[in-house]
Structure formats: C-alpha cells, structure tokens
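*Asks:* output the structure for:
(one chain, ligands or ions: 2)
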Amino acid sequence: MTQIRLRNSLTRKVEDFHPIDAKNVRMYLCGPTVYDRAHLGNARPVVVFDVLYRLLRHVYGPEHVTYVRNFTDVDDKINATALARKEAGAEGSLEELIRARTEETIGWYHADMDALGALRPDQEPRATDYIGAMIAMIEKLIEDGHAYAAEGHVLFRVRSYKDYGALSGRTVDDMMAGARVEVAPFKEDPMDFVLWKPSDEGLPGWESPWGRGRPGWHIECSAMSYELLGASFDIHGGGIDLQFPHHENEIAQSCCAHPEGSFANYWLHNEMLQVEGKKMSKSLGNFFTVRDLLDGHDGEKGIPGEVIRFVFLQTHYTKPMDWTAEKARTAAATLRKWRTTVDGVTPSPEAAPEVIAALADDLNTAGAIAALHKIDDPAVLKASAAMLGLLDDGMGDWVAAPEADLSGLADKLVALRANAMETKDFAPVDAMKQALVAAGVEVRMSKAGVELLPGSDFDPAKLEGL
Ligand SMILES: Nc1ncnc2c1ncn2[C@@H]1O[C@H](COP(=O)(O)OP(=O)(O)OP(=O)(O)O)[C@@H](O)[C@H]1O
Ligand SMILES: [Zn+2]
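*Replies:* Ligands and ions are numbered 1, 2, ... in the order given. This next block holds a predicted model:
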C-alpha cells in the first residue's frame, strides 16, 4: 500500500500518515460562511483537499473514506445581507430571507466548486441542523469546569486547558499579546472565547439553558465533526488563516468535551492565495469571485475551471501564491495539448507510479504535473491526470478544435526568423509574434523550431491576415 506523508501543523513535521481505521479514513474541512459568492482564495482549500480526498480514495478505496465539509449558515454577515434585502423591500419574514440567502449561496458554491472539478464531500452539514449537538457540548463543558455562563453568554475558560496554543506553538500569554482579544466585563479572562451568545430580537435564535441565543463560530465545527466523525478522526484541514484562533479553539473545546478522544490527529493548512503580497480577502476588498473568473469580467474572457485548477496545483499548498493571467495562459496551452493527445482514449486501469508517489509525498502537485509531462502513453496520461482532477471528459468543453491552421503559421514564423537572421531585421518576426499573442496563442520559440499553442482565450478570428 502507498505510504502517504503529510505535513502535520501540530508537529510542524512531514509525517507518515496512519489512519485510525483504514476501513474508514475520516477528514474534516472547515467550509464557507454562506453569505456571498466565494472568492478565488476560498477555492484554494477546496482544490487542495480535493486532491487529498482523491489520493485517500485511491489508496484506501473510495468506500473507505469519509470527507466532511460544513456550511456555516448562522452568522452576522448573513443576517446583514438579509436585513439589507428586507430594507430594500423584499417580501417575506427576516427568517425566510435569511434561509433564502443561505440556500442561494450554497447553490452558487456548489456550481462554482463543481466547475473547478472538485468532488462533493460525503457530507455537507449545515450548522443550523446541529444546534442541539452544540448545546449538549456546551453543557458538558460547563459541567466539567471548562466553560461558564455570564449575562446570556457562555465562555470557554481558556486557562482550564493546559495545551491551549499547542497548534500555533505559542503560549497563552504570547497569544494574548498578539491577538485582538475582545475585553468584556463578563469575561473572567480576556482570552476566553464565546461558545454561545444572546440573539437580538428579530434575528435567528434558539432556546437554550442560557436564554434565546445562537452558537459561536468555533463550537459549530467541534459539534459537527464529533457528530459525523467521532471523538477521534484522522485529518482536519483549512486555510492557515484559521489556525489561530479558530482551530486552536476547536481543539480546546473538543478535547475538553471529549477527553476520551484525540480530536484530529493530522492538521493540514493551505497557504493563502495572495494579491500583491496580501491575502485575498473580503475585508481587504482585494478579491474577485470564482464566478467572475469563470464567466469573464471587466472585459476579460472567462477562464475554464480546469485551467484555474491547474494553476492552483502548480504551487505547493504550503506556499503562498498569486493568480496571474500569464499562469492561466500557460496552463491552458498545456491542457489543450494534453486534451488533444487523450481525445477519445480510454484511461488505463492504473495511474503512473511517479504521479502517485509525488502526491503521496505531502501532496507534491507540481511534482505530479512534472511527471505527467513525461508520460508518453495517452491512456496512462488520462488515468494519471484524473488523480489531480484533470482531463476529465466532463470538463473539456472549452477545448474547441482550433479552426485556424496553426502549423501553417508556425512554418511561416520559422521562415520569417530564418530571413531575419540574414537581414538582421527582426521587426517582422516580432510583429507576427505579437499578433499571435494577441490572438491568444502562446509562442514557444527555440533553436529546434517554433511551437504555437492556443490558450483558453484563443480567438482564431484575430489570426486573419497573418
Ligand atoms: N486568500 C485565501 N487563500 C486561501 N484560502 C483562503 C483565502 N481566504 C480564505 N481562505 C479559506 O477559505 C475558507 C472559507 O473561509 P471563510 O468562509 O471564513 O472565508 P471568508 O470569510 O469569506 O473570507 P475572507 O477571509 O476573505 O473574509 C477557509 O478555509 C479559509 O481558510
Ligand atoms: Zn472550523
């Protein structure tokens, strides 16, 4: 059996992965808060953990892996969008408008992530369906002295959990110095965080032993993962931005409420998609949505989901990355070439061992892509690309047969270059290159010859007159 190795944020080391039960390998990923369209950064964990899911299914068998990703459907931002609609004159109660907003957003999320070739998780629990489980967990924490009720709130007593900070590798005092902790009169300690809080009149709320209210964000994941995966499971994932405080708090809650378990044994964090060195995020306003990119926006043509996926996979998940149009162009050219090769081919039963080995080595997706480049057999290429969610028959619509005769143009460019060598006037070569690039064709010139590869924005009409 292939030995998977993963970088565990808990130990900060790449470790051999040993599941608790090879017949039921269990993974939990923090999902989106469903108040608006996902931005491109939100898609990175989805693609990264989709590759891990595919690898686990390959190694342990598809029926032996359980992948859970939640929807956070209770949140101030959801309430705010519904309130704004109500104020704008929308029909229905606020509750109905909130429900409509979350339903709509979940629909968008599914459509966008499907377009990126991500498999749906086995379970996609919604927080609002698990409020009872959250209340039960909070009651247990109070009973055991790890939490206390005050003024309609329930707070987790951070100093009651001695390992708090282990995931981030920092002490409580260090964390306090760096974090924006909310000081409130009802808190015993500023580090204590909310498990339950009162709901304002007219906003969603549930009856509880502490009055009408709603859960804090962190307890949602602890309760849902416990209900669906148990007190101990294998892998917990999310973006590095969630490591503190969200994941630190999840660990504290789960380990204190269920000391019989270990919660998650391996923690995996993806690095951020950045824009000019800063995390793409809603709050910084430096984002574009996955849908904008897929459909095209601001005069730019749309980028196929498969191309977006390929661009993500060229950077290791532990490294920050930028999105650039240039990366998309090169990715499209490669995919187009491969798609021509595998057209109509039945995939071989086995993926190439080099591709599996690269993925098993802490999801070395760039290494796996490099291995794909070396495969000669189209049937093996197709089977191997599937490990990365690429070259799927259902995702190839964007590759229309190029109507223009690119090989004729390549010959012409070779001739122009030969002539330019004689005359020392390279202007005609440059002009033709520019025209090709403007038509969405990638031009690769080497001593051996010229290769012309149509990208995702290839427009044969622009080649007229060349
Ligand atoms: N720029 C990014 N790059 C990679 N992953 C990201 C980025 N921004 C958010 N994520 C991840 O997206 C997932 C969903 O997060 P969440 O719903 O909290 O995002 P959000 O609140 O909409 O985003 P933001 O952080 O922009 O406010 C989380 O796993 C988070 O780590
Ligand atoms: Zn979570």
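*Asks:* please count neighbours and contacts with C-alpha atoms only from this point.
*Replies:* OK.
*Asks:* pull up the distance across stretch 436-453, start to finish.
*Replies:* 10 Å (Cα to Cα, to the nearest Å).
*Asks:* mind starting the numbering at 18 from now?
*Replies:* Fine by me, first position is 18 from now on; the one you just mentioned is stretch 453-470.
*Asks:* show me the contact partners of it.
*Replies:* Stretch 453-470 is contacted by residues 346-347, 350-351, 353-354, 423-424, 427-428, 430-431, 450, 471-480 when judged by Cα atoms under 8 Å, 6 or more residues apart in numbering.
*Asks:* with stretch 383-396 instead?
*Replies:* 330-333, 358-359, 362-365, 371-373, 375-376, 398, 401-402.
*Asks:* what's the distance between residue 201 and ligand 1?
*Replies:* Taking Cα to the nearest ligand atom, to the nearest Å as the measure, residue 201 falls 24 Å from ligand 1.
*Asks:* what about residue 470, which SS state?
*Replies:* strand (DSSP: H, G, I helix; E, B strand; the rest coil).
*Asks:* for it, name its beta-bridge partners.
*Replies:* Using DSSP bridges, the beta-bridge partners of residue 470 come out as residue 459.
*Asks:* if I look at residue 186, how far off is residue 288?
*Replies:* In terms of Cα to Cα, residue 186 sits 17 Å off from residue 288.
*Asks:* cool, residue 71 as well?
*Replies:* Taken as Cα to Cα, the span from residue 71 to residue 288 is 20 Å.
*Asks:* so what's the closest residue to ligand 2 within the stretch 18-167 of the chain up against?
*Replies:* Nearest residue of the stretch 18-167 of the chain to ligand 2 (Cα to the ion) works out as residue 47 at 4.1 Å. Neighbouring residues of residue 47 by Cα under 8 Å, 6+ apart: 86-87, 238, 254-255.
*Asks:* from what I can see residue 69 touches residue 380, true?
*Replies:* Yes: assessed by Cα atoms under 8 Å, residue 69 is found in contact with residue 380 at 7.1 Å.
*Asks:* who's more crowded, the two?
*Replies:* Neighbour comparison, residue 69 and residue 380: the larger count goes to residue 380, with 25 against 20 (by other Cα atoms under 10 Å).
*Asks:* which SS class is that one?
*Replies:* coil.
*Asks:* and the next helix or strand past the lowest-mean-pLDDT helix or strand in the chain?
*Replies:* Least confident element among the helices and strands of the chain, by mean pLDDT, DSSP states H and E: helix 189-195 (a mean of 82). Going down the chain from helix 189-195, the next helix or strand is strand 210-215, by DSSP states H and E.
*Asks:* so what does the helix or strand just after that following strand touch, helix or strand wise?
*Replies:* Proceeding N to C from strand 210-215, the next assigned helix or strand is strand 230-232, under DSSP H and E. In terms of contacts (3 or more Cα pairs under 8 Å, 6 or more residues apart in numbering; DSSP states H and E), strand 230-232 is packed against strand 210-215.
*Asks:* okay, now the sheet partners of the strand it packs on, with direction.
*Replies:* When DSSP bridges is applied, strand 210-215 pairs with strand 170-173 (antiparallel), strand 230-232 (antiparallel).
*Asks:* how about the residues of the stretch 118-267 of the chain by ligand 2?
*Replies:* residue 238 (Cα under 5 Å from the ion).
*Asks:* so, low pLDDT: which residues of the stretch 118-267 of the chain?
*Replies:* Counting by pLDDT under 70, the stretch 118-267 of the chain contains no low-confidence range.
*Asks:* for ligand 2, what's its nearest residue on it.
*Replies:* residue 238 (4.5 Å).
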